[in-house]
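Asker: My questions are about this predicted structure, shown below with the sequence.
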Amino acid sequence: MSVVSGLTSELSRAERRRQLYSMALAAILFAILVFGYGQANAMNSGGFIQGLYKFFEYPSEIVIEAWQARGEFLGLMIRFLPALIETLNIAAVATILGGAFGMVFAFLGASNLAVWPAVVPFARRTMDMMRAFPELIIALFLIFVLGTSPVPAMIAVALHTTGALGKQFSEVNENIDRNAIEGLQACGASWLQRIRFAILPQVLPNYLSYFMLRFEINVRASAILGFVGAGGIGSEMRRTIGWGKGAGDETAALFLLLILSIFAIDQTSSYLRRRLTGSGEVG
Amino acid sequence: MASMNASALPHDLDHRRRQAVFAAVNRTALTNIALFLGVLVYLAYAWVAFDVSGLISSARPERAVLLATDSVAHKVHVTKSLRTDDVEVTVEGERTATYETPPEWVEMSPQTVHADLGNGYTVQITDHTVHFDVPGYGLITIEATADEGIVTTLPEGPTPSWLRATPAKFDARPTLTRRVQVSRARIEVHRFFLGWENFFFPFRSELNAYSAGELWSLAFSEDRLTEDLPNWRYILGTFWDNPDWQHGNVFVALLETLLMAVLGTLTAAFVGLPLALLAARNFTPARILQFFVRRLFDFLRGIDMLIWSLIFIRAFGLGPLTGALAIAFTDTGTLGKLFSEALENIDERQVEGVRSTGGNKLQVYRFGVIPQILPIFLSQGLYYLESNTRSATVIGALGAGGIGLMLVETMRTSRDWENTLYIIILTVILVMAMDSLSGWIRRRLIHGREAK
């Protein structure tokens, strides 16, 4: 009897303590939000209230100018198509190269496959470094050395992709079913054959799913890096926005192109991913 | 006969089956090879489209070497103005960092200046004539004349690649750490030294005279260096306002970037969660609402952070508020979508259980729903926090401010690469710290709870 009541009070005390922690955490987060926005507003060159008036000014200016130029709008979009293709190329090449290197790192860094156990921690640290290093810094440095070109952005995005995909791939590798490998091993299959027939069929659908998600992320990243000087649709945007008033129709065409392509890639990749992984969940 | 037939038939079947299996394997292998070849063709096309061969020929690897040297070294200038005939020895050519008595490798007399650049390299400036002695090459004589421009006399033989001499300008850099430049206006001799100069205190500060231990004891001593401030505040303030390194400004810029990421992610998470309830099939009060909230998520995500940033920079100007709102808008869409999918995948039994004990609507959410999605909420929120720290540096570079803009600006002026390296190191430390912090919290909160 006393044991039960002791347990109950212990439990309710633990529950109360947890509630207290949750409340404290919520209060801290709330305080960060309130104080942070106050601080951010004070540090900003334009205030929040004045900004609100101007918030719709720019988009509406662009839309009005685009509407005035509606006759040539389609032509404008076609004119900027090469820039869009360049951005897509940056993203695609970076994803392919990053995926290929990521796969190598994933096999080196997965503890259960143990291709070469000594390099597992080393491979993991390298992937962490590649993921954490900001793309912007690599891109700016390479632009300085190589000159303005899509390649610096491609290399920067590819490095980040190697780290990110490598980590996700190695997690896939660590979750595979070992029975198939053991079965093949029992038949006397070599290491390469085990990878080819037991591991790849298990992991490839998941790889492809992550790969496509990464491609979508990389299109966005390439567009942003273009703005900093790496070519593609971003640098066109920088040019038209730099002109200020009058280039609203061109800016609108660029915005629309980017939004449409991101939307198309997003829809296609989530459809394909649903089909590949077989379930309704989207990673 | 009969027995032979009986054994041949299964064998035949076996053979056919095996053939079918191998055919299927070969088919997939062929598709894979075709896919692989397609990728190779695409990469070849990209090679041409990106003009990689042109890029390799026009690349300037010497810039990387220059940058690497300059970012870990500082240079001391010996400058002679040809108009006033004044000679100054300065650090990085800064007027505020002029030596009152020249360092020992520079000898000054009223007529000549002799600079010893080490390893036998010497420069002698007499009036408007420079004698530059390069070991292994010979003596170069450069004369700045009023009517013929810069007249250079070189030793016999071909002109080396490290030397450029025109009537308008003479520039020689025989090694990475030694350089002589002559223009119509001035003669400049650079000598590079390893290390970051005046990193802690400005050149003129008397604090440079103390060692670290002395500074520590000085900081807490009662004898004031200045009248109006305690020593520790004076020392810290001198460090903070160092004009060459701008520690204070760099710190504020880092803080701005961090603020963008934290505020943006928190806002996105707290706005995204209630919206996700409206967008989840099993929680939405009305199908039409679900449809519109989902389209809102698609819209916010589809516009992309780049475009949101550009719009917010126009409206709110430079600063962390701009970046925070750009991140918040994009990620409300992303997180909202993720949360609504998580809500659709929750286990209904727990909800039913709470409802069956007579829990009201609030209690059903509190005990049936929230505990299930809290791990996803926290882990995705933390994951986006770390990725947004990286994004915030890029958004800053677009013009929203913070460390990103500072980095782009110091790189564009490309004057002092050591400042750039300093900013890069701090940025990487910030990003990596956020990365490990979020990873640590994730492991503690999610896996720690599961383990219990």
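Answerer: Cool, got the structure.
Asker: Tell me the secondary structure at B:Asp171.
Answerer: strand (DSSP: H, G, I helix; E, B strand; the rest coil).
Asker: Across the sheet, point out what pairs with it.
Answerer: Using DSSP bridges, the beta-bridge partners of B:Asp171 come out as B:Arg164, B:Gln181.
Asker: And for it, the neighbour number?
Answerer: Residues near B:Asp171, counting by other CB atoms under 10 Å in any protein chain shown, number 15. Using the backbone N, CA and C atoms, a C-beta is placed for each residue, glycine as well.
Asker: Check the gap between it and chain A for me.
Answerer: 20 Å (CB to the nearest CB, to the nearest Å).
Asker: thought that residue was touching B:Glu188?
Answerer: No: with contact defined as CB atoms under 8 Å, B:Asp171 does not reach B:Glu188; the gap is 9.6 Å.
Asker: Tell me who's in contact with B:Val369.
Answerer: Shown in contact with B:Val369 (CB atoms under 8 Å, 6 or more residues apart in numbering or on different chains): B:Phe283, B:Leu343, B:Ile346, B:Val351.
Asker: Next, give me the two most distant ones among those residues.
Answerer: Spanning the widest gap among the contacts of B:Val369 are B:Leu343 and B:Val351, at 10.7 Å by CB to CB.
Asker: show me the contacts for B:Phe203.
Answerer: The contact partners of B:Phe203, taken as CB under 8 Å, 6+ apart, are B:Val91, B:Glu94, B:Thr96, B:Ala97, B:Glu197, B:Asp244.
Asker: Using the three-state scheme, assign it.
Answerer: Criterion first, three-state DSSP; result for B:Phe203: coil.
Asker: Quick check: pLDDT value at it.
Answerer: The model reports B:Phe203 with a pLDDT of 70.
Asker: for B:Asn5, same thing?
Answerer: B:Asn5 carries a pLDDT value of 49.
Asker: cool, and B:Leu335?
Answerer: pLDDT recorded at B:Leu335 is 93.
Asker: Are we agreed that B:Glu143 is in a strand?
Answerer: Yes: assigned with three-state DSSP, B:Glu143 falls within a strand.
Asker: What separation is there between it and B:His128?
Answerer: 6 Å (CB to CB, to the nearest Å).
Asker: Nearest residue to the middle of chain A?
Answerer: With distances taken as CA atoms, centre = their mean, A:Ile217 lies nearest the centre of chain A, 3.8 Å away.
Asker: Could you pull up phi and psi at it?
Answerer: Main-chain torsions, A:Ile217, degrees, to the nearest 10: phi -60, psi -40.
Asker: Relative to chain A, how far out is B:Glu227?
Answerer: According to CB to the nearest CB, B:Glu227 stands 32 Å off from chain A.
Asker: Check whether that residue sits in a helix, strand or coil.
Answerer: coil.
Asker: Report how many residues lie close to it.
Answerer: 5.
Asker: pLDDT wise, what is it at?
Answerer: Value for B:Glu227, per-residue pLDDT: 70.
Asker: what sits against it?
Answerer: Shown in contact with B:Glu227 (CB under 8 Å, 6+ apart): no residues.
Asker: Likewise for B:Ser438?
Answerer: When contacts are counted by CB under 8 Å, 6+ apart, B:Ser438 touches B:Leu382, B:Tyr383, B:Leu385, B:Glu386.
Asker: redo that, cut-off 6 Å
Answerer: Shown in contact with B:Ser438 (CB atoms under 6 Å, 6 or more residues apart in numbering or on different chains): B:Leu382, B:Leu385, B:Glu386.
Asker: Would you agree the last one is in contact with B:Asp435?
Answerer: When you say that, I think you mean B:Glu386. Yes: between B:Glu386 and B:Asp435 there is a contact at 4.9 Å, judged by CB atoms under 6 Å.
Asker: what about these two, which has more around it?
Answerer: When neighbours are counted by other CB under 10 Å, B:Glu386 and B:Asp435 differ, and B:Glu386 comes out ahead with 23 against 18.
Asker: Need the overlap of contacts for B:Asp171 and B:Glu188.
Answerer: Contacts common to B:Asp171 and B:Glu188, judged by CB under 6 Å, 6+ apart, are B:Gln181.
Asker: What segments of the stretch 51-200 of chain A are helices?
Answerer: Using DSSP state H, counting those that start in this stretch, the helices of the stretch 51-200 of chain A run over residues A:57-68, A:70-79, A:81-109, A:120-132, A:135-146, A:150-174, A:179-186, A:191-194, A:200-225.
Asker: what's the average pLDDT for the second one?
Answerer: Helix A:70-79 shows a mean pLDDT of 84 in the predicted model.
Asker: Could you give me the buried positions within it?
Answerer: Along helix A:70-79, these residues count as buried under the neighbour rule (16 or more other CB atoms under 10 Å in any protein chain shown): A:Phe73, A:Leu76, A:Met77.
Asker: which ones among the contacts of B:Val369 are found in helices?
Answerer: B:Leu343, B:Val351 (DSSP state H).
Asker: ok, of the contacts of B:Val369, which one's closest to B:Glu214?
Answerer: Proximity of these to B:Glu214 (CB to CB) peaks at B:Leu343, which lies at 62.1 Å.
Asker: Model confidence for the spatially closest residue to the closest one that is not a sequence neighbour, exactly?
Answerer: With CB to CB, 6 or more residues apart in numbering or on different chains as the criterion, B:Leu343 has its nearest non-adjacent residue at 3.7 Å, and that residue is B:Ala280. According to the prediction, B:Ala280 has pLDDT 88.
Asker: is it true that B:Ala280 touches B:Glu344?
Answerer: Yes: in this structure, B:Ala280 is within contact of B:Glu344 by CB under 6 Å, at 5.1 Å.
Asker: okay, those two: which has more neighbours?
Answerer: Just comparing B:Ala280 and B:Glu344: by other CB under 10 Å the higher neighbour count belongs to B:Ala280, 23 against 15.
Asker: now the more buried one: how far from chain A?
Answerer: As for B:Ala280, its distance to chain A is 13 Å (criterion: CB to the nearest CB).
Asker: where's A:Phe30 relative to A:Ala24, distance?
Answerer: According to CB to CB, A:Phe30 stands 11 Å off from A:Ala24.
Asker: what about B:Ala286, how many neighbours?
Answerer: Burial of B:Ala286 is recorded as 9 neighbouring residues (other CB under 10 Å).
Asker: From B:Asp51, how far off is it?
Answerer: Distance, B:Ala286 to B:Asp51, by CB to CB: 55 Å.
Asker: Also A:Trp243?
Answerer: 27 Å.
Asker: Of those two, which one has the most company?
Answerer: For A:Trp243 versus B:Asp51, neighbours defined as other CB under 10 Å are more numerous around B:Asp51 (14 against 11).
Asker: Based on its surroundings, how many neighbours for the nearest residue to that one once chain neighbours are set aside?
Answerer: Take B:Asp51 and drop its neighbours on the chain: the residue closest to it by CB to CB, 6+ apart is A:Ser149, 7.2 Å away. A:Ser149: 20 surrounding residues under other CB under 10 Å.
Asker: Just give me the longest helix of the chain.
Answerer: Since no chain was named, I'll use chain A. Max-length helix for chain A by DSSP H is helix A:2-43.
Asker: wrong one, chain B
Answerer: Every helix in chain B considered (DSSP H), the longest is helix B:2-49.
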